[in-house]
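Enquirer: below is the structure, and that's it, no one-letter string:
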């Protein structure tokens with residue numbers, strides 16, 4: 001069993017959801033949330049165009065835009081480190097795998113199309129096309145991609161989401177997370193990771209729909225396409241827009257002329273988007289209602305633009321919206337969006353069987369959605385999840401013993417497959433070798449039967465038979481087919497009018513057949529007698545058919561050569577050879 005933490009690092013709070021994966025699924029075992037105490041919660045810093053114009057008696061010094069931005073970033077980093085330290089102290093981050101999302105405003109993405117699906121081919125070609133659509137140098141980016149599926153615009157191609165992040169930005173955030181005690185195994189694209197929620201929470205829904213995660217600073221949008229034929233859930237369109245609960249709080253702070261903290265409290269406890277014109281008891285409440293309605297309409301415009309982009313790219317109409325995230329709890333937001341967009345809008349059913357064990361989530365708490373989406377990246381099968389992970393290449397996670405333990409099952413499976421493959425190879429080789437032995441024994445049996453008139457495969461017996469036969473030339477023929485053919489032609493009587501038009505020599509069966517044509521039957525006898533003079537043919541020449549055709553005689557001679565001369569003949573031949581030399 002592997003433990004995974006999905007760590008949703010937002011601008012309002014950090015959510016940590018721990019899952020335990022098992023062969024048959026997963027279950028949630030813990031959920032923690034730590035609020036971020038940043039300057040955004042107490043905006044006492046003031047902005048002026050020229051620091052020389054600042055009031056020296058003011059409680060807080062006035063800052064230039066650059067200084068203010070640096071102050072905000074420093075405050076956010078300090079708040080992040082403090083929140084991570086608090087979660088670590090509570091034990092909320094104890095897990096074998098941790099998955100986080102890169103801030104949406106630092107991610108570049110674009111849809112591309114290729115006529116192939118091999119990741120290696122896409123990796124080679126993608127930078128050339130991606131560079132034409134982004135405002136930065138391609139060499140400064142770390143790239144990854146996610147295969148969406150067959151293109152609806154180009155039938156012979158496949159849609160791909162190309163993703164890039166500046167290597168400097170990625171390095172800064174990884175170092176920041178490590179400083180907070182977190183070394184994430186996966187750095188994901190938060191909006192695209194909403195695909196995991198659809199795969200886990202809405203597996204039976206077979207219509208195009210969108211999941212909207214309303215955060216504090218960003219709203220993540222993912223349009224999903226279930227395939228009725230394969231039951232696979234595909235990501236159609238993913239986008240993050242810089243609008244969230246922070247914008248609503250800012251608008252309320254302005255119209256209510258109050259502090260950020262009080263505006264945030266009003267949003268959580270009293271804010272309600274008006275669905276129809278109402279008479280308010282005070283101008284202050286009327287201004288707040290107008291601000292809320294204005295913010296909701298802005299959100300509706302962003303959602304409508306995303307749905308239209310999805311339709312333009314995939315030719316698919318979204319038929320349902322599911323909202324999650326802290327911003328989804330704003331009163332009357334769901335019916336307002338349903339009226340504005342003309343689509344059914346419901347809260348995402350975050351609480352299910354796998355999450356029912358957590359009391360905090362029993363009511364379907366919306367703000368756990370992004371943490372769950374991140375954690376599911378490490379739980380779901382690869383074909384059901386978003387595959388972009390920016391911790392790759394030089395930023396790949398180095399691993400720990402816990403990672404090795406998590407991989408033991410995969411390593412054991414690979415080892416078992418290798419063992420089976422080697423076993424199959426040995427068995428196949430053994431069978432082939434056994435067949436070769438059988439063939440060799442059969443050939444040896446045939447040879448010994450031919451040589452000794454009795455079959456045997458015992459090497460000792462064969463050696464004894466050869467020893468009893470004396471010189472090996474007495475049992476093993478030493479004359480080749482070429483030599484026999486030479487003797488057949490060379491031993492024809494001189495001056496004999498003869499033509500050998502077919503000579504067949506079968507050394508395996510020790511048979512020779514000679515077909516020829518001469519002038520008389522007497523000549524045939526002389527030819528046979530001449531062949532008998534050759535030791536290999538002595539007593540083995542038999543006349544076959546002899547037919548007279550006109551003034552010619554056609555004949556056949558059958559010869560069973562026995563080229564095993566006795567020792568005397570061998571010695572005689574040897575002496576003759578030495579004398580000639």
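Expert: Structure's in. What do you need? Remember, predicted model here, so these are calculated numbers, not experimental data.

Enquirer: what's the burial count for residue 375?
Expert: When counting by other Cβ atoms under 10 Å, one arrives at 32 neighbours for residue 375. Glycine gets a C-beta too; all of them are placed from N, C-alpha and C.

Enquirer: the stretch 151-300 of the chain: strands as residue ranges?
Expert: Taking DSSP state E, counting those that start in this stretch as the criterion, the stretch 151-300 of the chain contains strands spanning 158-166, 186-189, 209-214, 219-226, 233-241.

Enquirer: include distance to residue 392, mean neighbour count and mean pLDDT when you put those strands into CSV, please.
Expert: Rendered in CSV, the data for the strands of the stretch 151-300 of the chain read as follows (distance: least, Cβ to Cβ, whole Å; neighbours: other Cβ atoms under 10 Å; pLDDT from 0 to 100):
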stretch, distance to residue 392, mean neighbour count, mean pLDDT
strand 158-166, 11, 22, 94
strand 186-189, 9, 24, 95
strand 209-214, 24, 26, 96
strand 219-226, 22, 25, 95
strand 233-241, 19, 24, 93
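
Enquirer: wait, which of those strands is closest to residue 8?
Expert: With Cβ to Cβ as the measure, strand 209-214 is the member of these nearest residue 8 (9.4 Å).

Enquirer: which stretches of the stretch 351-500 of the chain form strands?
Expert: 499-506.

Enquirer: low pLDDT regions in it?
Expert: Along the stretch 351-500 of the chain, the parts satisfying pLDDT under 70 run over 351-365, 399-410, 469-479.

Enquirer: now do 90
Expert: Within the stretch 351-500 of the chain, the stretches falling below the threshold (pLDDT under 90) are 351-369, 378-387, 392-393, 397-418, 420-422, 424-426, 428-430, 432-500.

Enquirer: all helices for it, in order.
Expert: 369-376, 401-452, 459-468, 481-490 (DSSP state H, counting those that start in this stretch).

Enquirer: so what's the gap between the third one and the chain middle?
Expert: Once both centres are worked out by Cα atoms, centre = their mean, to the nearest Å, helix 459-468 turns out to sit 64 Å from its chain's centre.

Enquirer: and the angle from it to helix 401-452?
Expert: Using axes from the mean of the first three to the mean of the last three Cα atoms, to 10 degrees, the direction of helix 459-468 lies 30 degrees away from that of helix 401-452.

Enquirer: for helix 459-468, buried residues please.
Expert: Neighbour-count burial for helix 459-468, with 16 or more other Cβ atoms under 10 Å as criterion, is recorded at 462, 465-466.

Enquirer: number of nearby residues for residue 67?
Expert: 14.

Enquirer: okay, and the residue in the chain sticking out farthest from the centre sits in which element?
Expert: With distances taken from the mean C-alpha point of the chain and given as Cα atoms, centre = their mean, the most distant residue is residue 522, at 87.3 Å. Using DSSP states H and E, the secondary-structure element containing residue 522 is helix 521-532.

Enquirer: packing partners for that helix?
Expert: Where contact means 3 or more Cβ pairs under 8 Å, 6 or more residues apart in numbering; DSSP states H and E, helix 521-532 is packed against strand 511-518, strand 541-549, strand 552-559.

Enquirer: in TSV: these, plus mean pLDDT and distance to residue 441.
Expert: Below are the helices and strands packed on helix 521-532 laid out as TSV (pLDDT from 0 to 100; distance: least, Cβ to Cβ, whole Å):
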stretch	mean pLDDT	distance to residue 441
strand 511-518	89	25
strand 541-549	87	34
strand 552-559	90	31
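
Enquirer: OK, contacts around residue 328?
Expert: With contact set as Cβ atoms under 8 Å, 6 or more residues apart in numbering, residue 328 has these partners: 212, 214, 334, 347-348, 366.

Enquirer: do you know the pLDDT at it?
Expert: Reading off the per-residue confidence, residue 328 sits at a pLDDT of 90.

Enquirer: please report phi then psi for it.
Expert: For residue 328, the backbone dihedrals (degrees, to the nearest 10) come out as phi -70, psi -10.

Enquirer: so where's the stretch 1-150 of the chain uncertain?
Expert: Segments of the stretch 1-150 of the chain classed as low confidence (criterion: pLDDT under 90) are 1-2, 10-12, 20-31, 35-79, 132-136, 149-150.

Enquirer: for it, which segments count as strands?
Expert: 2-9, 13-22, 25-35, 46-47, 62-63, 97-102, 107-114, 141-150.

Enquirer: about what we covered before: and of the strands of the stretch 151-300 of the chain, who's closest to residue 507?
Expert: Each of the strands of the stretch 151-300 of the chain was checked against residue 507 via Cβ to Cβ, and the shortest separation belongs to strand 158-166, namely 65.4 Å.

Enquirer: packing partners for the closest one?
Expert: When contacts are defined as 3+ Cβ pairs under 8 Å, 6+ apart, strand 158-166 sits against strand 107-114, helix 119-131, strand 141-150.

Enquirer: run the last query once more with 10 Å
Expert: Under the contact criterion of 3 or more Cβ pairs under 10 Å, 6 or more residues apart in numbering; DSSP states H and E, the helices and strands touching strand 158-166 comprise strand 107-114, helix 119-131, strand 141-150, strand 186-189, strand 233-241.

Enquirer: could you dump the strands of the stretch 151-300 of the chain to JSON lines with distance to residue 83?
Expert: Compiled in JSON lines, those are given as follows (distance: least, Cβ to Cβ, whole Å):
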{"stretch": "strand 158-166", "distance to residue 83": "23"}
{"stretch": "strand 186-189", "distance to residue 83": "18"}
{"stretch": "strand 209-214", "distance to residue 83": "20"}
{"stretch": "strand 219-226", "distance to residue 83": "21"}
{"stretch": "strand 233-241", "distance to residue 83": "22"}
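
Enquirer: which one of those lies closest to residue 501?
Expert: Of all the strands of the stretch 151-300 of the chain, the one in closest proximity to residue 501, counting by Cβ to Cβ, is strand 158-166 (71.6 Å).

Enquirer: still on that earlier bit, quick one: buried residues of the helix holding residue 522?
Expert: Taking 16+ other Cβ under 10 Å as the criterion, helix 521-532 shows 523-524, 527-528, 530-531 as buried.

Enquirer: just checking, residue 166 touches residue 143?
Expert: No. Residue 166 is not in contact with residue 143 according to Cβ atoms under 10 Å; the separation is 11.1 Å.

Enquirer: shared neighbours, the two?
Expert: residue 108 (Cβ atoms under 10 Å, 6 or more residues apart in numbering).

Enquirer: quick one: the residue nearest to residue 187 when sequence neighbours are not counted and residue 430, what's the gap?
Expert: Distance criterion Cβ to Cβ, 6 or more residues apart in numbering; nearest residue to residue 187, sequence neighbours excluded, is residue 390 at 4.2 Å. Between residue 390 and residue 430 the distance is 50 Å, computed by Cβ to Cβ, to the nearest Å.

Enquirer: the more surrounded of the two?
Expert: residue 390 (27 against 10).

Enquirer: any chance of the strands of the stretch 1-150 of the chain in TSV, plus distance to residue 86 and mean neighbour count?
Expert: As requested, the strands of the stretch 1-150 of the chain are arranged in TSV below (distance: least, Cβ to Cβ, whole Å; neighbours: other Cβ atoms under 10 Å):
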stretch	distance to residue 86	mean neighbour count
strand 2-9	13	25
strand 13-22	9	22
strand 25-35	5	18
strand 46-47	30	13
strand 62-63	28	18
strand 97-102	16	24
strand 107-114	27	19
strand 141-150	31	19
